[in-house]
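>>> 3D model of this:
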Amino acid sequence: MNNKKLPIAFSMASGVLFMLGSSLSVADMLEYKLSLSEDGSAYEVWMRPSETPKPDINLTGQLTIRVPSAVNFKAIDVVSTAGDGKDWLEASRVDSPEENEAYDYISFSFLGLQGGSARNYQWKKGEEKLVFTFSNEAGCVSDVSIMSVDDPFNTPDNSFGTNPGNQFTNLGWGTVGANNFKGVYGKTVSCPE
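Here you go, the predicted structure:
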């Protein structure tokens, strides 16, 4: 190889490795939290990014909650804080799977990119945002939580063949196929007495 081309080739290879390393390191950006409204009538889903996305273009998302099977939880009044308030909806439900029969799993999906609109939350590093709310038809129930990464039902080969995991994709944190979900923060919900 020509000695003059060696520094250019090395510089290009370093740039590619830097870009790959950068895109891999930005994947896990968004934490989820579940809490109760002050009056205990609604569950609130909060999200907190560890970085500000550039560009800020939301594509898809999923959040799965785990509720005690014995209470016959029915999610109602799902309201998003972005767009027209209808960006999150109950997408699937699995009751008492053999991996964890004491709980039902309800997944909500984010309808991010619609008709050219990215339905942005205007994410800012470290800033917690209320993303959507929902209620239980029969009122507040304790022991409701966001499904953890190590939940026994959170496996690709679960007994129902579903994908209950938590997920969010924003182009400013990676590629179209990236899952920017980082983890869960906060405590399990307890109803007021």
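>>> Break down this structure into its helices, ranges please.
Listed from the start of the chain, the chain has helices (DSSP state H) covering 5-25.
>>> Flag the shaky bits of it, pLDDT-wise.
Counting by pLDDT under 70, the ranges of the chain that qualify are 1-26, 113-119.
>>> Identify, by residue count, the longest strand of it.
In the chain, taking DSSP state E as the definition, the longest strand is strand 58-68.
>>> what's it packed up against?
Here strand 58-68 is seen to pack against strand 88-95, strand 103-111, strand 145-146, strand 167-170 when contacts are counted using 3 or more Cβ pairs under 8 Å, 6 or more residues apart in numbering; DSSP states H and E. The C-beta positions use only the backbone N, C-alpha and C, and glycine is treated the same way.
>>> could the ones you listed go into JSON lines alongside distance to residue 189 and mean neighbour count?
Converted to JSON lines, the helices and strands packed on strand 58-68 look like this (distance: least, Cβ to Cβ, whole Å; neighbours: other Cβ atoms under 10 Å):
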{"stretch": "strand 88-95", "distance to residue 189": "17", "mean neighbour count": "17"}
{"stretch": "strand 103-111", "distance to residue 189": "13", "mean neighbour count": "21"}
{"stretch": "strand 145-146", "distance to residue 189": "7", "mean neighbour count": "20"}
{"stretch": "strand 167-170", "distance to residue 189": "21", "mean neighbour count": "23"}
